[in-house]
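>>> Build me a structure from this.
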Amino acid sequence: MELPDAVTTAVETIRDSAGVERVYGEPIERDDRTVVPVARVAYGFGGGFGEGSSSGVNGDSEDAPAEHGSGGGGGGGVVAKPIGALEITDENTRFVRVDDRQRLLGAVVLGVTVGWLLGTMSD
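Numbers count the residues shown, from 1 in each chain. Have a look, this model is predicted:
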């Protein structure tokens, strides 16, 4: 079974964009160091298709409605999340991870505050 042109084009576009240049950003040079941004990139793709039939209620084609059918569908997506950077100097190369602890702490404080407010409102 051949894929429709739209599905083939979508698959090719996602495949072509899944290169290493999506994970490592353009190097940034400053003073005596080079910094290369690093991200986690995830791709997803799904599709479907369908057909119709002309069998009737009792399996007879005589009481069947007119033949018809259809199908299609597809979708895809990409998520990129920065995870750190490579710092390159003449002395060494090291990976510096992005620290998400501040965002996590903010979410915990927000959750506790909302919980406290809801608790005081129900009294």
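
>>> any idea which helix is longest in this structure?
helix 101-122 (DSSP state H).

>>> right, and the helix or strand after the helix or strand bottoming out on mean pLDDT in the chain?
Between all helices and strands in the chain, the lowest mean by mean pLDDT, DSSP states H and E belongs to helix 5-17, at a mean of 71. Next along the chain after helix 5-17, taking DSSP states H and E as the criterion, comes strand 28-30.

>>> Could you check how far the host helix or strand of Ala42 is from the centre of its chain?
Taking DSSP H and E as the criterion, Ala42 maps to strand 33-47. Centroid separation between strand 33-47 and its chain, computed with Cα atoms, centre = their mean, to the nearest Å, is 10 Å.

>>> pLDDT (mean, whole number) over stretch 28-40?
For stretch 28-40, mean pLDDT is 90.

>>> what do you get for stretch 112-123?
Computed over stretch 112-123, the average pLDDT equals 77.

>>> From the chain's centroid, how far away is that stretch?
35 Å.

>>> So what touches that stretch?
Contact with stretch 112-123 is made by no outside residue, as judged by Cβ atoms under 8 Å, 6 or more residues apart in numbering. Any C-beta I mention is one placed from the backbone N, CA and C, and that applies to glycine too.
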